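> Dropping a prediction and its sequence here:
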Amino acid sequence: MYKKTYLILFLLFCSFISYDQSYDETYDQFEVYKQDKNNKILIIPFENKMYASSMDDAIAVNNQINYYDVKEELKKGIAEQILLSIGNKIPAVSMIHHRDTSADLLNYVYNSIGFKYDIVKSKDTIEEPKKKSELIKNKMNEFISQISTEKTQEKEEYERGRINNGEIHTKEHNAERFMNVVINNPNLLTDLNRTYLTNYYIFINEFHISKAYSNPNDYYNKFRKISIHYTAFNQKGKEVDAGISSIEMPANVNDLRKIEKTYLYAIANEISAFVPDPVLDKATIKKEADDKKKANNQRSIIHGLMID
């Protein structure tokens, strides 16, 4: 009786494993394939010269790794956390982890781009193509807005150069700036699309960990700030999101896993916020429901046999 029960359990376990890993031949641990067939994101790591950190020594000692490996671990870490953050939204692949990525290909990417400081923009989302009527309406709104702007421009210029008590006073614009990427090679995104079959691209432009500092709200403790500059493009090279994401962490945190899973993950959530939830078709929704039901039935059978 027991032998029969164990045999049934073994067969069910094997079928469950084979069902769960039926795609193993094409599975890549760092390539997330989900149900959205229309979009796929490529995560491009920062170039070594765009990395600055004041705590690599402490991280290396605490994690028992080579000093020069810290940069590579953090480079992979932010890519992994973005993959996890994107989750079930749309397919994504990390360039630094992918089997088709070579040093020559990374150098090709880095030689195809440049950098410039830009004012931080508000977040956007990946938009579906608009109808002609919506485009015409948007053009009309832009035209009306332009007329309104021209009417107030003279007044604004006067306010910026206002004379008070014989002195000229101007308004200062202290907007936050970030390191933005510029694509100089018009063929870059097309070439990346051929290799990775992607149509959206997240560039990690700069990675920075500050020196320890005192927080005015917590004078007795020291903190560091992790800042990551990034830009996202669609296949046409249009910028869909860009900016800088920062987080403060205690200065005594040197464990790589904690840095990645707590602080880089929080940054990754902000970077990937522009990615919309996938719109699944009815066939996909039905298949997922059937798969879930089948898995639950198998678990119920196994649970029942174990109780008996």
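Happy to help now that I have it.
> low pLDDT regions in this structure?
1-37, 122-175, 279-289, 292, 299-308 (pLDDT under 70).
> C-terminal to the top strand by length along it, which secondary structure element comes first?
The longest strand of the chain (DSSP state E) is strand 218-234. Sequence-wise, the next helix or strand downstream of strand 218-234 (DSSP states H and E) is strand 239-250.
> can you give me the angle that following strand makes with strand 218-234?
Strand 239-250 runs at 160 degrees relative to strand 218-234, counting by axes from the mean of the first three to the mean of the last three Cα atoms, to 10 degrees.
> which neighbours does strand 239-250 have in its sheet, and in what orientation?
Here strand 239-250 has these sheet partners by DSSP bridges: strand 218-234 (antiparallel).
> Run through the bridge partners of the closest residue to F233 other than its chain neighbours.
Nearest non-adjacent residue to F233, counting by Cβ to Cβ, 6 or more residues apart in numbering: Y201, 4.8 Å away. Where C-beta positions appear, they are placed from N, C-alpha and C, glycine not excepted. Under DSSP bridges, the beta-bridge partners of Y201 are L42, F233.
> from what I can see N62 touches N254, true?
Yes: look at N62 against N254 with Cβ atoms under 8 Å: they come within range, at 3.8 Å.
> which of the residues in the longest strand of the chain are buried?
The neighbour-count check on strand 218-234 (16 or more other Cβ atoms under 10 Å) flags 223-224, 226-233 as buried.
> Look at the closest residue in space to K211 that isn't next to it in sequence and say how many residues are nearby.
In space, and not counting its chain neighbours, K211 is closest to S54: 4.5 Å by Cβ to Cβ, 6+ apart. Using other Cβ atoms under 10 Å, S54 has 13 other residues around it.
> For S54, give its distance to R99.
34 Å (Cβ to Cβ, to the nearest Å).
> again with V109
Taking Cβ to Cβ, one finds V109 at 17 Å from R99.
> One more: G77?
Separation of G77 from R99 (Cβ to Cβ) stands at 19 Å.
> who's more crowded, the two?
Per other Cβ under 10 Å, whichever of G77 and R99 has more neighbours is G77, with 20 against 8.
> was I right about the more buried one contacting E260?
Yes: with contact defined as Cβ under 8 Å, G77 and E260 form a contacting pair (4.0 Å).
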